[in-house]
Structure formats: structure tokens, C-alpha cells
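A.B. asks: Got a predicted structure plus its sequence, pasted below:
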Amino acid sequence: MTRKALSQALPLIPSSVMIGVFFLIPFVLILLASVATLTPEGDMAYGFDLSHFERFLSWFYIQRALFSAGMCALIAVLSLLIAFPFTYMLTTFSDRAKKIWLIYILAQLSLSEVLIAFSWQILLSRTAGLGNILEWVGIAEKSFAMAPSAGAVIAALVYLAVPFAVLLLYPALSRMDRSLIEAARTLGTSPLRSFFTIVIPVNRSAIVSSSVTIFVLTLGAIIVPQVLGSPEHWTLSVLITDQAIFNFNLPFASALAVVLLILSASVIGLVMRFSGGEK
Amino acid sequence: MKLLRNSYLALFAIYLVGPILVITAVSFNAKKFLAFPPRGFSFRWYAEIFVANDWFAALMNSLLIAACSAFLAVLVAIPVSYMAWRHGLRYAKALFSLGIAPFILPPVIMALAFLLFFANVGMHGWTINVIIAHAIFLLALPLVTVSLGLESVDMSLIEASQTMGADNATVFRTVILPIAAPFAFAGFAFCFVLSLNEYIIALMTVGFTVETLPIKIFNALRYGYTPVIASIAVVFLVINVLVFSLIAKFSNLSRILGAMD
Amino acid sequence: MSGLEISNVSKHYGAVTAVNDVNLRFNKGEMICFLGPSGCGKTTLLRMIAGLEEPTSGTIHFEGRDLTHVPVHKRNIGMVFQSFALFPHLSVGENIAYSMKIRGHSRAEREDRVRELLDMIHLPGIEDRRISQLSGGQRQRVAIARALALNPEIFLLDEPMSALDANLREAMQIELRKLQQELGITTVVVTHDQTEAMTMADNIVVMGKAKVLQSGKPLDIYKSPVDKFVAGFIGTSNLLPATFSGNGAVGFGATDVKYSAANGSFANGEQVLLMTRPEEIFVHKASETRPENAIEGTVTFVRDIGATIEILVDCNGYEVISVLTPKDDPDVHVGTKVFVEMPPAACSVLAA
């Protein structure tokens, strides 16, 4: 090895060790654990045991996986519908207003899922929530609890996803050539029409990649389904946590994690191919 | 048209800010039970965070873990981004992509992976586990921000400093570092905030030995509500807003978020 | 005294040749312009003098010292970049003092020198400004001051005027030339603007396709370009295809045109180019008597801009431009049949 190559390799050694030992090895361990055997004492014996995947293939878990995928897809669509027009308007705000909104959105986006779940629990509770307001306004006769329910889970997850959607769409929308819209307007297109015929098609690939990211992101939600849903609303991530922490069944948790990994990877791959491989 | 636009914006703002306002209102509640609209006004639930030993300990744990892991992540990221940028090393670029991956995967997968790893090497519930785990999980953030910072160093600036007599070390110290540092700081701040709020990886690495604030909140939720959680939510939001305002002030927020200048 | 010597220098990037076997010698204290279209290798040659690139072969000497393999930070040079490359994180004063600071000069020394340099560039008192607060012209001056802070032996400028407005450019060319003469510093400027080169240089090096095509004093190159490329690049020229006929004349159509200089030796009947400069030829109405050494044509365009009158004439399908002063105004219009008079002293012959 030449001196130059050596001097370039040396500074990378600590980082390589960190990434290799603490990312690659744990990652491989998941794959190994997913085919390990659980001994009667509750320990793991590494081997090649496919029984955890067989267990996954029961209708209960397939149903959970389909439910997870379906709900996350719905959330991706909803959050994008809500966030897209706002992001589009955000790019036209003054620099100051833009900055304030971005800081707030980043702050909310970073807020722990635990705290979001808690907020929505309060919001949907009987004593301190929307129910009270409805009662006060006179729509509902008596305040009522809105959680746990599928609607509560979806509402909170969309709330969780909207700031991400804004930030994912923001770069593309802020770079969009505004003269395209002006050109369309001079050609006699109404503002609303130019939004649908110019803004959306031009940003198609950003929309697609954002929705995929949101899908994967919400697949990872753990607390909201537990706090705001009943067990039939639990997603794969919740089941993995449940198996790992409360049932001490690491091999099965790993097998479910592998399924989750394949599910997210294939959705990413599929949509990217479908959208023509654009970034 | 204008009406449509404004009513949409109003609804969006209510949806986004509304829950936070409700929590804020609840946190100033004077009574032990949760109520909205609040009954009375008091700061007692904020005082509780600092007075009640267990809440304060959890807050300190979280702050310590966030600071250490953010620092570690930036340390790991800098050489990778630098070598990929300055020398275009293929190995450094591969390392870069690898370092991004943990952040893209659903966090529960990484959490489980760390759980398995630390169990296998016999490090049961050490605080350092969650520091390392968060640093790896959030590594993508400093990798990206540091790279953005380095890309904003124009090659001609480096050449200019060389023509004025600077050797490689001086170029790094006097040109590259000062220009890229705010971006490294932004990476640190992003990591800090996300580590502070992270739940599942902390739970699976140190959940039974070290109580971070998100873990404590989740545990508290199982035994009923307390308005302390509302006050913590407000405190966290304030911390987040402060940190991101700092980034916006000292670094180029728009650029970090991928927008045009 | 021998100044800058560039001997057999070539630079290859893989299969691409950026600079091909360049040999140049200049005296100390001269101002030299590398002139050529983009991609001709002029910037690469400048960067090799700076030490930012290493030649694939050949040597570069200054005052007898071999600089070829001296790393850039150990050469005593000052360079102004096309983008100016001012450090955005430093103030004007800190930018100018940069080279002194990393060499460990004291604060007082640096402050004195910065003040002196700011006076020199006629921008006193702007030490504490941010770079972003400066206009393009101010940035250029600051970049020049910064490059000269340590009194370098060689002063290099890469397209220094390209970021400036057209009217500012002309003033800065004159100012830069004056400054260079005052300091007596060996200076190399890269430019693609021939007026800029003519304004400032003691010596012009015309480059094309990685090679030196011609080097010499500006007026020598203007008066006798070696080939049609140089003729077209330095000033405007009329190039007409002609047949060489040996007796001091070439044939353009049926007309014989006498010339005074031939660049190269040609055989009888060989196809050559007849070159004239627009300001050295005249236009007369065809109704007047035919002058000597004249060809016939039809006016296609007249551009009267007051100080000069430019007349475009179509001669046998070739366009000839004549630039006249108002007192020579032949009073012609589009469509007028004319004689284009080409005095033999204005005519030279180039290879086709």
C-alpha cells in the first residue's frame, strides 16, 4: 500500500469499526436469530430453524401484516393530501414566515412518539378532549371517549406523518420553476387548474418517493397503535416489540423483523421501479 | 380562491398546532386530574419535573445520552464525509451509504438488532449501549449535514489558500473547518433532539436499567395520567424549537433541508 | 535577466492532452497574457505555473530556480481566481492578511500592510466589511490586494475580468496594468478577450488546441498573424480565398491583388488566403475611377455609429468589412456597386 493510500485509509478506521461492529454485526445477528431455535429454558440456539416463519404464515400474522401495510398506505395518502397544498403555499411565504414554520414543523416532527400518543389520548378522552367541546357546542349530548379506535390510531399517525411529508416535499417544491405556472396562467389556465395540471405532474417523483418514505416511517410506529388502539389495531412493529420485550421470544421477534424488512424493502423497490427509477 | 386558500391554511394550522395547545393548557391545570378546558392555573406540574426525583433523574439520563450519542455520531461522520468529499474515495462513499441505512429502516428492526448484539456480547443494560445505538441509528444526520457543509466549500477557496502558502493541515484548519463547522453543529443538534425523543431503541438496549424520559412517560401512561407528562411535552417542544432556531441562526436551515438558497 | 522559463511542458489527463509541448521564455517584470478560446489549455498552463497542477513532462523555471515539483504552498506566488475565491467566513481585512497570518506575522505588521494594500486598491477603511457586502468590482480589488500581500515573485490572474460588467472591465484593465508596472512584478493573465490582452500585455501568447500558436508583442501579432486562426482571434480580419501567382500578387477572381508580406512560402497556383484589416482598406463608389489594387463588390450593410462607419461589402460571395472614419465617408447605401481598395501594404498572404 502506498503512503498516500495509507494516509487516506487511516482516518477511516475508527468510523469503519463503529459502523461494522455496531451496524453490520447486529444486522447479521437479526438474520441469524430469525432462524435460531428457542430452547425450553428461553435461550437461543443458533441453527437453521424455519419454524418462526411458519408461525408467521398463520392467518393471524398474515392478517396483521396486511393490516399494517394497508393502514400505512392509507396514512401515506392522507398525510400527503394534507401536506402537499400547504408545502406548496409555504414556498411562497416570506423568508421569515418560512423559517418560523420550518422550525415549528421540525420541532413537532422531533417530538417523541410517546408524547404525540399522549396528546392525542388526552385530545380524544372523555374528560379533557374534543368530546367536551362537542358537548359544549351542543353537537353531542354527553362527552364520550373516541379512543381506542382505528380512527384514533389513524388520526394520530397522520398527525405524526404530516411534518415529515412537508419536509420531504419542500425541496422539490421550492426548486420548482415558478415560470411554468406563470406560463400556464398566461395561456389561460385557472390557478386551481394549473395546480392540478402543472404543479402535481411536475413533482410526481417527489410525491411518489415521499409517500414511500412515509409508508416505511409509519410502519415503524410502535406507541400510537398501543396507546390509541386495541390489540386488533396493532401493527407488525408493535408485535415485534411485544415478542421481544414481553414474551422473550427473540427468534420469533427477529423473524417478524425480517418480514417487516422485506415488506418495507419491497414496497420501496416496487414503487421506485413503477415510477421509473427516478430519485 | 383566496377564501379556499385561507380556510385550508387555517384548518392545517389548527390540526398541527391544536393538540399542542390542548396539551399546553392541560399542563397549567391546577388539579391532579386531567381536564380541558383547564381548571385553575398553576406551574406545579413544571415544578414537579425538577422536584420529583424520578422525573428529574430521567430528564438527566435523557440529556446525557442525547449529548454523548450526538457527539459520537458527529465524530464517526466527519472522517467519512471528509474523505468521500476531498478524495472521492469509493470506500468512503460505500461507508457513507452504509451509515445512512440504519436511519431508513423501521427503528424497531435496529432496536431488535442492538438488543441481540448487546445480549450476545454480554453488555446487559449499560448506559453506553444506548449511546452507541443512538449514534449509529442517527448517524445519517451528521453524515448528510457535514457533507452539505463540505460541498459548500468551493474548490477555488482551497486552491487560493494553497497559493498563499497554506499546507494541507492549514487549509483544513483555516478554510474547511470554519466553513463546514456550522453544518457539523447542525448535525449534532439534529441527533441531540432525536435521541432525546427516541423510545424504542432506548427501551430495547437499556429499558430495564436506565430510565430515559420517553421510557418513563410510556411507563407512567400505563398507570394512568398525570399532568406532569403534559408539562414535559411542552418542555420538550420548547427544547426542540430552541435547538432548531439555533440551527437556523448559525447554519443554513433551508440548505440543510435541501431547498435552494 | 531571465524570468519565467517554460520548457517542453505537456499535460495529459488520461487520453486527453490539455497542454502540448509548450516552450516559452519571458523577462522578469513583464506582463504576459495567455489568450485563446475556452479549452485551449491556457488555464491549465497557468495552474502549472501556480503549482496547482503538475506537468506530465517538461520543466518550469523562475530566475533559474526549478519550480516544476515545488508544491504550491512553497512557491512565492500570488493568484487571483476567476471567482475571486474570497473566504466568506473572513472579513475583508482578514482575507487580505490571510497569507501573513499563516506565516506568523505579528498583528501590528498585518494591520499596517492591510491598510497599505487597501490604499493601493483605492478602497481605504473597508477592513471590517463582510465579503458578501462588496460589489463585484470591490471583490476583484480585494482579491488582487490579497494576492499581493506578501510581495510575491509571480502574480497570476485567471480570467480576472470575466465576473465584471463590460464598462467596469475596461477601467480595471487599465488600472491593473498601471499597478503591475508600478510594482514591476512578473504577471501572467489568462483571458479569452483579445482587447483585454492588447490593453495590458507586454507579450501575448495565443493558444489553440493545447498548443502555442504564436507569441510576441501585441502589435506584432496583430500586424502579422501566423495563420488564419490567430488572424481571426486577434482583431477582426477579412480573409479572402485567392490563388498564389508568384510575382508578388495573388488572384482573387479575375483581379490580381498585390501584397506586401507572405507568411510561409507558396507554390504558383496554390490556394491561399488574402488577409486585410478592416481599418486599412477603403470603399469607393464604382462610378468613380478605379483605384489600384481594388476588387469589385456590392454594399450589403452600412453601420454608421458616429465615430466610425462600418461597411459590409459582398465581393463574389465573400463578405469584406471596411471600417472608415467619417472624413473618408464614401456616401454609399445598401445596393451601391463599389470598389474595395486594398493597398499592398495592408495585404498579407496566409496558408489556406
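C.D. replies: Noted; the coordinates are in hand. Numbers count the residues shown, from 1 in each chain, chains lettered A, B, ... in the order given.
A.B. asks: just the helices in the stretch 151-261 of chain B please.
C.D. replies: B:155-163, B:168-171, B:177-197, B:200-206, B:213-222, B:227-250, B:253-256 (DSSP state H, counting those that start in this stretch).
A.B. asks: swap in the stretch 151-279 of chain A?
C.D. replies: A:179-186, A:191-194, A:200-202, A:204-219, A:223-228, A:236-241, A:250-274.
A.B. asks: do the third one and chain B meet?
C.D. replies: No. Remark: helix A:200-202 sits outside contact range of chain B, by C-beta under 8 Å from any C-beta of the partner chain, the gap being at least 15.3 Å. Where you see a C-beta, it was placed from the backbone N, CA and C, and this is true even at glycine.
A.B. asks: What of the last one?
C.D. replies: Yes. Contact between helix A:250-274 and chain B is present through A:250, A:253-254, A:257, A:260-261, A:264 (criterion: C-beta under 8 Å from any C-beta).
A.B. asks: Looking at the residues you listed, which one is closest to chain C?
C.D. replies: Closest to chain C out of these is A:Ser264 (41.2 Å), distances taken as C-beta to the nearest C-beta.
A.B. asks: and that closest one, how many residues sit next to it?
C.D. replies: 23 (other C-beta atoms under 10 Å in any protein chain shown).
A.B. asks: nearest residue to it other than its sequence neighbours?
C.D. replies: A:Val216 (4.6 Å; C-beta to C-beta, 6 or more residues apart in numbering or on different chains).
A.B. asks: what pLDDT does that neighbour get?
C.D. replies: Looking at A:Val216, its pLDDT stands at 85.
A.B. asks: What residue in the stretch 1-150 of chain A comes nearest to chain C?
C.D. replies: Counting by C-beta to the nearest C-beta, the stretch 1-150 of chain A gets nearest chain C through A:Lys4, at 13.8 Å.
A.B. asks: Check whether that residue sits in a helix, strand or coil.
C.D. replies: The three-state label given to A:Lys4 by DSSP: H, G, I helix; E, B strand; the rest coil is helix.
A.B. asks: Spit out the contact partners of it.
C.D. replies: By C-beta atoms under 8 Å, 6 or more residues apart in numbering or on different chains, the contact list for A:Lys4 is empty.
A.B. asks: do the same with C:Ile96
C.D. replies: Contacts of C:Ile96 (C-beta under 8 Å, 6+ apart): C:113-114, C:117-118, C:127, C:142, C:145-146, C:149.
A.B. asks: List the residue ranges of the chain that fall below the pLDDT cut-off.
C.D. replies: Reading this off chain A. A:1, A:41-42, A:126-147, A:274-279 (pLDDT under 70).
A.B. asks: sorry, should have said chain C
C.D. replies: Short version for chain C, where the test is pLDDT under 70: C:1.
A.B. asks: Near chain B, which residues of it? Just list them.
C.D. replies: C:50-52, C:71-75, C:77-79, C:81-83, C:85-89, C:98-99, C:102-103, C:146-147, C:149-150, C:156.
A.B. asks: List only those of these flagged as buried.
C.D. replies: Buried members of the residues of chain C next to chain B, counted by 16 or more other C-beta atoms under 10 Å in any protein chain shown: C:50-52, C:72-73, C:75, C:77-79, C:81, C:83, C:85-87, C:89, C:98-99, C:102, C:146-147, C:149-150, C:156.
A.B. asks: Now do the host helix or strand of C:Arg146 and helix B:155-163, the angle between them.
C.D. replies: Using DSSP states H and E, the element containing C:Arg146 is helix C:136-148. Put simply, helix C:136-148 runs at 30 degrees to helix B:155-163, going by axes from the mean of the first three to the mean of the last three C-alpha atoms, to 10 degrees.
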